[in-house]
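Chemist: My questions are about this predicted structure, shown below with the sequence.
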Amino acid sequence: MTLTTTLREADLKRSLPKGYVQCRACAHYCAIPEGQAGKCGVRRNLGGKLYLVTYGKAAAVHLDPVEKKPLYHFHPGEGILSLGTVGCNLFCAFCQNWQISQFREFSMSPEGRLDRPIGEDWPPERIVATAEALGVRLIAYTYNEPAVFIEYAHDTARLAKARGMKNVFVTSGFETKEAWDYIRPYLDAANVDLKGFTEKFYREVCGARLKPVLESLEHLVASGVWVEVTTLLLEGYNDSEEEVRAMARFLKGLSPEVPWHLTAAHPDYRMPDLKPTRHATLVRAYEIAKEEGLRFVYVGNVLDEARSSTRCPDCGRLLVRRRGFKAETLWQEPGVCPGCGRRIPGVWTW
């Protein structure tokens, strides 16, 4: 790790009086004074201009199975090169990547000199070249919220798309419409966290708001990006039958064929006393989602082959068998049920 960084002027911004600048990447719309950062800690006002200070500085780069994102209807079985930076615009008390997402304890000179490392040098060209060397055709912007490093993601995704690759956001969905329109030409899929379904939960547990997330989901589905949704179920916080049913009804309103991943939580970060989510809690939420008419519901972060595999919603034929993060497709024609001929929504081919 080095102690300098490339200062990339932000594209999503608006100048304000008295040297302030407004960030337009996420729904906080931070108005940032000279020398300060937005809530994410990495979008900073230097000399009256907004800069992304983590450009080309990845805090994590890993080769993952695409199922780990989780994406179940998007090139099953393929590898995906995943990267993230420090900083986040949410403050989830249960965050499982808090060591990087909540890292803000650094300072920087106007010339880009850091007082401590914030990541390794991974410019867009290196990310794409590494994916090519690994034989990987998918890149994910994940681990922290990609909205906070959206110019870095944008430039990497544009280069990747030009090389025949596909790009994925794993996101809180707290982006602005401007941010989605900015990344949309290069974005193929998104897994959006629907963390709960009350403003109280979002405000008190996540430091955000629910409405912008719902608007993002509506915008993404309407724009043609392949969307899957994940909800981490925290017992006693967002797992009541009423709340799960309300989420299911909202998702059905988007499309009954949007895949919904219901996943188990464990104690972490500022919730060390959180009870690990019981399998029975996940199963009940799964049943509610099915009752409400969602056709593709999955249970995650536990071993449950029956509820993590994909079946045809018409004839019940097993189409994709999953054991943990391993996927085995059981069709002759990708995305088509060999039993009844039904086309299964998703992105199955290149």
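Modeler: Great, that's in hand.
Chemist: Domain map for this structure?
Modeler: According to the domain assignment given by automatic domain parsing, the chain is divided into the following structural domains: 54-104+115-308, 314-345.
Chemist: Would you convert the ones you listed into TSV that also reports distance to Cys30?
Modeler: Any C-beta I mention is one placed from the backbone N, CA and C, and that applies to glycine too. As requested, the domains of the chain are exported to TSV (distance: least, Cβ to Cβ, whole Å):
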stretch	distance to Cys30
domain 54-104+115-308	9
domain 314-345	36
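Chemist: Comparing these, which comes out most buried?
Modeler: Mean neighbour counts were taken over the domains of the chain using mean count of other Cβ atoms under 10 Å, and the top value, a mean of 20, falls to domain 54-104+115-308.
Chemist: now the helices for this protein?
Modeler: With helices called from DSSP state H, the chain shows them at 98-101, 124-134, 150-162, 177-183, 199-201, 210-223, 241-254, 279-291, 305-308.
Chemist: Can you tell me which of these is nearest to Pro70?
Modeler: Taking Cβ to Cβ as the measure, these were each checked against Pro70, and helix 305-308 came out nearest at 8.9 Å.
Chemist: Name the surrounding residues that touch the closest one.
Modeler: Applying Cβ atoms under 8 Å, 6 or more residues apart in numbering, the set of residues contacting helix 305-308 from outside is 72, 282-283, 286, 297-300, 321-323.
Chemist: With distance to Pro185 and pLDDT as added columns, please give those in CSV.
Modeler: Listed next are the contacts of helix 305-308 as CSV, based on distance: Cβ to Cβ, whole Å; pLDDT from 0 to 100:
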residue, distance to Pro185, pLDDT
Tyr72, 25, 98
Leu282, 37, 98
Val283, 40, 98
Tyr286, 36, 98
Val297, 31, 98
Tyr298, 29, 98
Val299, 34, 98
Gly300, 30, 95
Arg321, 35, 98
Arg322, 31, 97
Arg323, 36, 95
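Chemist: Among those, which lie within strands?
Modeler: Judged by DSSP state E, those include 297-300, 321-323 as members of strands.
Chemist: Just the closest of the residues you listed to Thr230, please.
Modeler: Taking Cβ to Cβ as the measure, Thr230 lies nearest Gly300 of these, at 7.5 Å.
Chemist: so that closest one makes contact with Trp260?
Modeler: No: counting by Cβ atoms under 8 Å, Gly300 does not reach Trp260; the two are 10.3 Å apart.
Chemist: Name the residues contacting each of those two.
Modeler: Taking Cβ under 8 Å, 6+ apart as the contact criterion, the residues that touch both Gly300 and Trp260 are Thr230.
Chemist: Nearest residue to the middle of the chain?
Modeler: Val170 (1.6 Å; Cα atoms, centre = their mean).
Chemist: which residues of the chain score low on pLDDT?
Modeler: Along the chain, segments meeting pLDDT under 70 span 1-4, 108, 110-112, 115-116.
Chemist: which one's the longest strand in it?
Modeler: Scanning the chain for the strand with the most residues, using DSSP E, yields strand 226-233.
Chemist: which secondary structure elements does it contact?
Modeler: Contacts of strand 226-233 with other secondary structure elements, assessed using 3 or more Cβ pairs under 8 Å, 6 or more residues apart in numbering; DSSP states H and E, are made with strand 189-193, helix 210-223, helix 241-254, strand 260-264, helix 279-291.
Chemist: Can you add distance to Ser109 and give these back as JSON lines?
Modeler: As requested, those are arranged in JSON lines below (distance: least, Cβ to Cβ, whole Å):
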{"stretch": "strand 189-193", "distance to Ser109": "35"}
{"stretch": "helix 210-223", "distance to Ser109": "34"}
{"stretch": "helix 241-254", "distance to Ser109": "45"}
{"stretch": "strand 260-264", "distance to Ser109": "41"}
{"stretch": "helix 279-291", "distance to Ser109": "49"}
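Chemist: contacting residues for Pro123?
Modeler: Going by Cβ under 8 Å, 6+ apart, the list of residues near Pro123 reads 6, 56.
Chemist: do you know how far it is from Glu145?
Modeler: Here Pro123 is placed at a distance of 20 Å from Glu145 (Cβ to Cβ, to the nearest Å).
Chemist: Specify the beta-bridge partners of the nearest residue to Gly119 once chain neighbours are set aside.
Modeler: With Cβ to Cβ, 6 or more residues apart in numbering as the criterion, Gly119 has its nearest non-adjacent residue at 3.4 Å, and that residue is Lys57. Taking DSSP bridges, one finds Asp121 as the beta-bridge partners of Lys57.
Chemist: doesn't Thr5 make contact with Lys57?
Modeler: Yes: contact status for Lys57 versus Thr5: in contact at 5.5 Å, counting by Cβ under 8 Å.
Chemist: Name the residues contacting each of these two.
Modeler: In terms of Cβ under 8 Å, 6+ apart, Lys57 and Thr5 are both contacted by the residues Ile118.
Chemist: quick one: Gly56 and Tyr152 touch, right?
Modeler: Yes: when contacts are counted by Cβ under 8 Å, Gly56 is listed as touching Tyr152 (6.5 Å).
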